[in-house]
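Participant: Take a look and give me a structure for this.
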Amino acid sequence: MVGMENHGSNEVLRVAFQGEPGAYSEKATRELLGGKVVAIGRPNFEACFRAVASRECDYACLPVENSLGGSIHENYDLMLRYDLTIVAEHEFRVKHCLLAKDGVKREDIKYAISHPQALAQCDNFLRGLGITPVPTYDTAGSAKMIATDSSMPPGCTPENTAAIASDLAGRLYGLKCVDKGIEDDDTNFTRFLLLARAGVSSFLTKKIPSKTSIVFTLPDTAGALYKALACFSLRDIDFSKIESRPTSASLLNFLKFRSQQKGRKTRNKADMPRFRYCFYLDFLEGELNENSQNAMAHLREQAEFVRILGSYPQKSRLVGPVATEVENLKTMEAVGPVSLDSLPSDLEEEKSLQIGIIGFGTFGQYLARRFSKQHKVRCTDQLDKSTDARKIGVDYFANYDMARFLKDIDVLVIAVPMVEFENVVLSLPGESLRGKLVVEVCPLSSYPKSILLRHLDQDVDIISSHPMFGPGVHDDPYSTATWDGRPFVYEKVRVADLRRCEAFLDIFGQARCQMVEMTAEQHDKSTADAEFVTHLTGRLLDHQLLPPTPVTSKEYAALCDLADMTSSDSFDLFYGMFKFNDRAKEHLNQMRDNLAKVERQLAAKEAYMAASNEMKNADRQRLIAETKLLLQEIAKSGDIAGIPSKEKGDNGSGKDLP
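Facilitator: Down below sits the predicted model:
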């Protein structure tokens, strides 16, 4: 990988930073890595992450916290979204300069333009000189405005305006430093992190003071944070930072998805707190130390989610490949600082993807309908699907014409049953796949992921995914609502072209899917058993067991939907769920045992009811017989009413009636 391999002495080191050339971020970059790096300004923080992830840059140097302004949360969120790791840190002392064009005196300056935060940090200085602050988008950008006399705020001219920026910006844009160190507080420091595609934790020794940054979430229970911190304090591991903030949308989707797999009790939205918090923690040890390993293992038992953002040396020290590359730069011929504000990809226009689908069965056609709304789609299948393809509006290629099918496509989606997956991958011409993105959409992900990694070259991008929805009988395939809110689980297994990857994933994002990023192994652990049992149950419920009724309950309607969904899937798909799930046979036996148990319970209940009725009948017959005997005895004794007889005419008073 570029940036984490040994560069030759003639190669440059490309580092992305946010802002215009001359920004404080560029100065911090050069302080940390030396003046010979090629510093490339990007319009925003995410563009820096993209530049490194797509291998256009080797590193990104980004601010994460300021001693006066606090944390820059956007970059913490981006570290969760992108698979980059921290390899170094640098504490940068922010010194503001008042920059103006040659010939402009201090008393001529009426306005000062800069980023609002920089203006606020120099407020007392500006008030003392009677200078009016005018906010702009960037510190170095303000210096560029004065140097080029372009896009300046109303009333501001190069003759009456100064910029508050770094001395580096002054040198780059040919401005003189009217005054320096004009900030009100001299304790203004910004902490920068150097991000790369691979870490340096293996180069940290016990003699190197180290730091590890992690992020984790905790269950909503009493004492959860106390228990989490105890994982470290019990082992005498010190912290340098701890902070909480609301969970990002992507991580919240991951946590919701995980909670839904735990059972019905956690599916109720009321069980999920409205605000979920991430905890960011820096502790002062390397992640590979035995003490740290034990603490992290303990934390993973407590937390719902844990991720190591990086383990790196403290206080601007460089180790491993980073240090080697910086040393190699020192041997290069002396050149001035090189600053750029664009990358080759900036010139590329956004274009629609050319997507190829192998396997044009029910699910392949379902995906093609959505893909074809925004992108060009072609398909191939072992069977002649030309008629189906024509109805949808996609191009069909015969199976024997695979080379022409693969030509010029950007993304290859393999939508075949898992039992056929490896044979299909082996049949593909490897040369034709180079530089393309291959996406699998199987219901289980670990097996197809392993096949793709085993048989595809390193220059083939891979996404492992599972759209957890499909073509139901009652769904309108052209309706956005059919995908709205439904989980799309994916893993960026190997991605070099990040723009293409994001463009493909954006198809599902724009359809308002619940985007859940997790590894294939995590996915299968969470869903494999549930998917198999779901499809098994649906196949057991045929339409004879579920006849149409004029009035249905929600439960009955859910069963009908389940039967409809599974009946539209091929048996090969179901067989793949069985074959590649180690617990499938156990579930079948359990289902069989449960059915036998229900049968036994029904038989026992039926026998009990029959015996109970028989006993009731016997008791009734005995009671009737006893009643008859009693009546006969009463009749013989003349005491029909059960009252002692009286003499005729006796009214009970001892007197005769008249």
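Participant: Leu559 contacts Leu546, doesn't it?
Facilitator: Yes - with contact defined as Cβ atoms under 8 Å, Leu559 and Leu546 form a contacting pair (6.1 Å). Where you see a C-beta, it was placed from the backbone N, CA and C, and this is true even at glycine.
Participant: Between the two, which contacts overlap?
Facilitator: Shared contacts of Leu559 and Leu546, defined by Cβ atoms under 8 Å, 6 or more residues apart in numbering, are absent.
Participant: residue nearest the centroid of this structure?
Facilitator: Nearest to the geometric centre of the chain sits Glu517, at 3.3 Å (Cα atoms, centre = their mean).
Participant: Give the bridge partners for that one, please.
Facilitator: Applying DSSP bridges to Glu517 yields these beta-bridge partners: Tyr490.
Participant: What separation do you get for it and Arg42?
Facilitator: 23 Å (Cβ to Cβ, to the nearest Å).
Participant: Disregarding flanking residues, what is the spatial nearest neighbour of Lys376?
Facilitator: Gln354 (5.0 Å; Cβ to Cβ, 6 or more residues apart in numbering).
Participant: Looks like the one you found contacts Arg378 (just checking).
Facilitator: Yes - taking contacts as Cβ under 8 Å, Gln354 lies within contact range of Arg378: 7.5 Å.
Participant: quick one: common contacting residues for those two?
Facilitator: Contacts common to Gln354 and Arg378, judged by Cβ under 8 Å, 6+ apart, are Ile409.
Participant: who does the helix or strand encompassing Lys241 touch, helix- and strand-wise?
Facilitator: Under the criterion of DSSP states H and E, Lys241 resides in strand 239-246. If contacts are counted by 3 or more Cβ pairs under 8 Å, 6 or more residues apart in numbering; DSSP states H and E, strand 239-246 sits against strand 277-283.
Participant: If I take the strand it packs on and strand 239-246, what angle do their directions form?
Facilitator: Angle of strand 277-283 versus strand 239-246, following axes from the mean of the first three to the mean of the last three Cα atoms, to 10 degrees, is 170 degrees.
Participant: May I see the buried residues of strand 277-283?
Facilitator: 278-283 (16 or more other Cβ atoms under 10 Å).
Participant: Going along the chain, name the strands of the stretch 351-500 of the chain.
Facilitator: Remark: strands assigned in the stretch 351-500 of the chain by DSSP state E, counting those that start in this stretch are 354-358, 376-381, 395-398, 411-414, 437-440, 461-467, 487-494.
Participant: which stretch among the ones you listed comes nearest Pro246?
Facilitator: Of all the strands of the stretch 351-500 of the chain, strand 487-494 sits nearest to Pro246, with 21.3 Å by Cβ to Cβ.
Participant: list the helices and strands that closest one packs on?
Facilitator: Using 3+ Cβ pairs under 8 Å, 6+ apart: strand 487-494 touches helix 249-260, helix 446-455, strand 461-467, helix 498-510, strand 514-517, helix 520-540.
Participant: which residues does Lys180 bridge with?
Facilitator: Beta-bridge partners of Lys180, as defined by DSSP bridges: Cys97.
Participant: Could you measure from it over to Cys61?
Facilitator: For Lys180, the distance to Cys61 - Cβ to Cβ - is 23 Å.
Participant: again with Leu194
Facilitator: 5 Å.
Participant: shared neighbours, these two?
Facilitator: 32-33, 90.
Participant: Of the buried residues of strand 277-283, just say which sits nearest to Arg494.
Facilitator: Cys278 (26.7 Å).
Participant: what's the spacing between that closest one and Tyr76?
Facilitator: For Cys278, the distance to Tyr76 - Cβ to Cβ - is 8 Å.
Participant: shared neighbours of the two, anything?
Facilitator: 215, 245.
Participant: re the thing from before, buried ones in the strand holding Lys241, by neighbour count?
Facilitator: Of the residues in strand 239-246, those buried (16+ other Cβ under 10 Å) are Glu243.
Participant: on that earlier part again, I figured the residue nearest to the centre of the chain hits Phe488, correct?
Facilitator: No - contact between Glu517 and Phe488 fails when scored by Cβ under 8 Å: they sit 9.6 Å apart.
Participant: can you tell me which residues contact Phe504?
Facilitator: 353, 355, 411, 437, 439, 463.
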